[in-house]
Structure formats: C-alpha cells, structure tokens
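prediction below, plus the sequence it came from.
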Amino acid sequence: MPELPEVETTLRGIEPYLLEQKITRIVVREKRLRWPVSSELLSLTNQTVSALNRRAKYLLLSLGRQQTEHIIIHLGMSGSLRIVDNNSELKKHDHIDFHLSCNKIMRYHDPRRFGAVLWTDKAISDHILINALGPEPLSNAFHGAHLFKASRKRKVAVKNFIMDGHIVVGVGNIYASEALFLSGIRPGKAAGRVTAKQYEDLAAAIKKVLGQAIKQGGTTLRDFVNSDGQPGYFQQTLNVYGRTDEPCRVCQSAIKCKVIGQRSTFYCTRCQQ
DNA sequence: ATCGCCTCCTGCGCGC
DNA sequence: TGCGCGCAGGAGGCGA
C-alpha cells in the first residue's frame, strides 16, 4: 500500500538508474491497468529521461531535452518499481518493462492493477490528474491556516477532508488516522467545526508522520534494487492504525475502529475529541 | 459545489 | 488440506 513515503522512496531509488539514461524500449505484457496503457507509450523508444519528479503520489518522468513528453506513473494499491538485470526472471504481475541504456530494466509490478502508467505531451501542470491538486504536505504552502480556510462550512468528516487530494495530497488512510491521533482530533468531526488551533496541530502532525516515514524509507534505499523487501516506513510505530481494542499508548483506553468514508478509521475515544 | 457511494482487482486471513 | 467467502484499499467517477 504505497503511501507518499513509499512513492518518494521509489523516486529516490530509481533516479540514479534513470536520470540521463535512455529508455531504449518499453515492453507491455498487461495493458489493463487503471486506464489502458496507451499506444503512444508503447511506441516510445530511445528517449532520454531528463528529469524525475514526484507530485502527490504520481511519479513523473520527463523525456528529452525539451521535456515535451512525460510518463506519469501511479503505484495504486499494490504497485512497485524495481531495477533489475535484463536476464531477471519474470514474476507474476510484472506488467511493464522499461529497458534502459545502462542495460538494466525498470520493472513495473502491480498485482491489483489499481495503478496507472500514462503518457502525455502536454505540460505536466496542465494534466487533468495533476492540475487541481492541493499543496504538497511537506512544503511551506501547506500549513494549518490553509486547512482552516479551506474547511469553513464543510460538513465532511475531517478525516475525509485531509484525504482529499484537492485539499492536501499524499495523506493516505494509515497516516490520516495517525495524524489525527497525534493532534487529538476525532476523525468523524465535521471539517468545518475543527478550530484554527486544531488545524495548526493537525498540519504539524501530518508533516511529522510523513516526514518521519520518508526518513525511515530512506534508510532502506540500499535494498531497493533487485529486492522485494518492504519499505522502511513500515517500521514506523503506529499509534492507532490496526490497533483495535489494544490500549492507547498515552491513556491505555481501548483503541476504537469505525468506518468513516468507506475506510477503516482508528482513534482513541479519550485522547481525541 | 459538495457529499457519499461505487468501482476497479488480487491476495490474504478466516471459518468450516 | 482445501475451499469459499469477505475484506482491504487510492482515488476517479457519478448521481443526488
């Protein structure tokens, strides 16, 4: 379940192998991802990767000197990218190979096929999936006042609110529960009823959990190539996620699980009001 | 505009 | 041991 930290870790892991390298050939074994893999992508050959970036959970590979073409990759629920040797044995769900001029392959693997590999020749910032996104959670553009302002009169649960990519990107189900615990806010509370002070705390908590997870992901980068190992962010101590009926680490009362917005949500009934 | 529900898909854990 | 079932989850899409 790649959350933002794993996407960032993936970017750092693949960058040394892709930057200023050519994609010599793309082999697609399974086109049926979230959206069908386009024929334009199929026909890409001998394009130099001139930049790699991340926006939200999208990985962006820019091609050519002018960067007029881009490959957009989303890992969905179960996607991963690995750098493998070109004689590496194929595993089930290895859907796309990007052959590189360094003689290695960047291999896209995705059992559930919720992910996407897209091609565009428009400016990335104009792309329909990108152009309406909220700020990056670790950037200066993201802060409590932003959340407070955007949430006035909103009735949606604050947990759904912070998971909405138009408000802030990259807050997945695990870290939404964790950040709300750290800031002492009930996940089901209407976003418009959360105070400015609470949003200050919440923004800080989001930065903290995501920043910490990225840092831990970075420590396992050495295992990235040719490895199926779990990313390091799983080592992060979870305070509430998946801890139904276990004692709160602060007050010992039982952690509760409730479905909010079709998603399991975990919180402490005493610490979060 | 906003909200909430539905959908895509496979692997896994559970009960029997 | 094996089967069938239900659930998990990112996020776009859609109907109300």
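That came through fine.

buried ones in stretch A:163-180?
When neighbours are counted by 16 or more other C-beta atoms under 10 Å, the buried residues of stretch A:163-180 are found to be A:163-164, A:167-180. Bear in mind the C-beta positions are built from the backbone N, C-alpha and C, glycine included.

measure stretch A:249-261 end to end?
In stretch A:249-261, first residue to last residue: 26 Å (C-alpha to C-alpha, to the nearest Å).

do stretch A:78-94 as well
For stretch A:78-94, the first-to-last residue distance is 12 Å (C-alpha to C-alpha).

now it: average pLDDT?
Mean pLDDT, stretch A:78-94: 89.

quick one, helices of the stretch 1-150 of chain A?
Taking DSSP state H, counting those that start in this stretch to define them, one finds helices in the stretch 1-150 of chain A at A:4-18, A:39-42, A:144-151.

next one: A:V84 from A:I72, what distance?
According to C-beta to C-beta, to the nearest Å, A:V84 and A:I72 sit 22 Å apart.

ok, residues contacting stretch A:264-273?
By C-beta atoms under 8 Å, 6 or more residues apart in numbering, the surrounding residues in contact with stretch A:264-273 are A:159, A:173, A:176-177, A:180-181, A:184-188, A:240-244, A:248, A:250-251, A:253-259.

sorry, back to before: which of the buried residues of stretch A:163-180 fall in helices?
Among these, the ones falling in helices (DSSP state H) are A:M163, A:N173, A:I174, A:Y175, A:A176, A:S177, A:E178, A:A179, A:L180.

quick check, nearest of those to DNA strand B?
A:M163 (10.6 Å; C-beta to the nearest atom of the strand).

tell me which of the helices of the stretch 1-150 of chain A lies nearest to A:K57.
Closest to A:K57 of those, according to C-beta to C-beta: helix A:4-18, at 4.8 Å.

buried sites along the closest one?
A:L4, A:P5, A:E6, A:V7, A:E8, A:T9, A:T10, A:L11, A:G13, A:I14, A:Y17, A:L18.

need the max-distance pair from those.
A:L4 and A:Y17 (21.5 Å).

burial measure for the nearest residue to A:L18 once chain neighbours are set aside, as a count.
Leaving aside its sequence neighbours, A:L18 sits nearest to A:V49 (C-beta to C-beta, 6 or more residues apart in numbering; 4.6 Å). Neighbours of A:V49 under the rule other C-beta atoms under 10 Å: 24.
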